[in-house]
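> sequence? don't have it. structure:
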């Protein structure tokens, strides 16, 4: 079984490389955006995430989702001018990785951790003042977001697997 999976992943890798090279050789539009190390990091994260999910590997799923988030955070600002570049996006990406793991493996604790990390990232984000509905309390949220980290610590201590 392991040998079959390895040959399938090797085959998938060859297909991806071949399609990429074909795109370059035939001058497809936007291929210049794909040949950066940032996009390579994003692609590697997505491939590892797919492998982790198909193998039902919990820890690999979390790390692959984080790698995908880092790749996205490095690649997206190069081509999407409105992409947020604040450090709080790291918290969003790690939170999203926990949410992916929670959704794939139906783990409530990881879902709570992911949601709290995304909330902390949102409250630490300077442009929260521009979010309609949160503008009135944005100063409070921007000041007291570390309290959510304390809450996350309690969640990790109290909750069991």
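That came in fine, so what should we check first? In this text, all values refer to a predicted model and were calculated from it rather than measured experimentally.
> need the nearest residue in space to the residue most central in space within the chain, chain neighbours excluded.
What sits nearest the mean C-alpha location of the chain, by C-alpha atoms, centre = their mean, is residue 69, with 2.8 Å. Counting by C-beta to C-beta, 6 or more residues apart in numbering, residue 93 is the residue found nearest to residue 69 once chain neighbours are left out, at 3.0 Å. All C-beta spots, glycine's among them, are computed from the backbone N, C-alpha and C.
> can you give me the buried ones in the host helix or strand of that neighbour?
Assigned by DSSP states H and E, residue 93 belongs to helix 88-105. If you call a residue buried by 16 or more other C-beta atoms under 10 Å, then helix 88-105 has these buried ones: 88-102, 104.
> circling back to that earlier point, tilt between the helix or strand in which the residue nearest to the centre of the chain is found and helix 88-105?
Assigning secondary structure by DSSP H and E places residue 69 in helix 58-79. Interaxial angle, helix 58-79 versus helix 88-105 (axes from the mean of the first three to the mean of the last three C-alpha atoms, to 10 degrees): 140 degrees.
> I'd like the numbering to begin with 2 instead of 1 from here.
Okay, residue one is now 2; in that scheme the one you just asked about reads as helix 59-80.
> just checking, the residue nearest to residue 70 touches residue 73?
Yes. At 7.2 Å, residue 94 counts as touching residue 73 under the criterion of C-beta atoms under 8 Å.
> how about the contacts made by residue 69?
Applying C-beta atoms under 8 Å, 6 or more residues apart in numbering, one finds that residue 69 lies in contact with 43, 46-47, 49-50, 98.
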